[in-house]
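Engineer: Sequence plus predicted model, see below.
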Amino acid sequence: MDVPEVIPIRYEPDYRTDTIGHWQGGQFLASVTAAFPEKWSGDDWPAHKRWHAILHRFDHAGRHLDSRIEFTGTTADGEQAAIDAAGRILDAWLDALPDRQYRDIAIAPFAVHREGCLFGLVVEHDEDDGEVEVRAELYPDNLGFYAPWDGEYDT
C-alpha cells in the first residue's frame, strides 16, 4: 500500500499524542522528548540524550509551516529538570496558539535537522525476507505509522 500524502495521527489523551490538534492557522504536533544526535556512537548516553520542547505547525492541508525546537538540557545535566523546563516552554507555546483544540491530525511527511538531531515525520522502507515494509516514523519520538494508515502507531 502506498503512503498517503498526509498521514493521520490519532489524538490520545494522557498518552504519547496528547499534544496534537488544530488551531486557527492549521494543525500542530507538539511534545517534550529526548533526541540523540544522528551520528552518536552509543557512548556516554546520558551526556548525549538531549531534552527538547518541540512544536511543529502545519497549514490546514497538513503541509509543514515551521518548527520551534528548544533544547533544555541533557540527562547528565539532570533529566527531570530538563523535562520540567521543556514542559513549561511547551505549555507557553501551546497557550499562545489561537483557538487551540486537541484532536486527530493528518500531516505530510517532513524533516527538520537541529543541532545534529532529526525531528520530523519521515517515510522509511525496510526490507525483511524480500518483503518491503513502508512506514512513517516520527522522530525523535519513535512513533511508527503503518498501513492501513488509520492514525494508530507502534512504539
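Structural biologist: On my side now, so go ahead. Just so you know, these numbers come straight off a predicted model, no measurement behind them.

Engineer: Can you list the buried residues in stretch 143-155?
Structural biologist: For stretch 143-155, the neighbour count (16 or more other CB atoms under 10 Å) marks 143, 145-146, 149, 151, 153 as buried. Every C-beta, even on glycine, is put in place using the N, C-alpha and C of the backbone.

Engineer: Show the end-to-end separation of that stretch, please.
Structural biologist: Its start and end residues considered, stretch 143-155 measures 5 Å (CA to CA, to the nearest Å).

Engineer: How about stretch 141-150?
Structural biologist: End-to-end span of stretch 141-150 (CA to CA): 19 Å.

Engineer: before we move on, the earlier item: please flag which of the buried residues of stretch 143-155 sit within strands.
Structural biologist: Among those, the members found in strands (DSSP state E) are 143, 145, 153.

Engineer: wait, which of those residues is closest to P37?
Structural biologist: Nearest to P37 out of those is L143 (CB to CB; 19.7 Å).

Engineer: right, and that closest one touches E152 too?
Structural biologist: No. L143 is beyond contact range of E152, at 9.9 Å (criterion: CB atoms under 8 Å).

Engineer: Compile the buried residues of stretch 143-155 into TSV and extend it with columns for pLDDT and distance to R88.
Structural biologist: Output for the buried residues of stretch 143-155, formatted as TSV (pLDDT from 0 to 100; distance: CB to CB, whole Å):
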residue	pLDDT	distance to R88
L143	95	23
F145	95	29
Y146	93	34
W149	95	34
G151	94	29
Y153	92	26
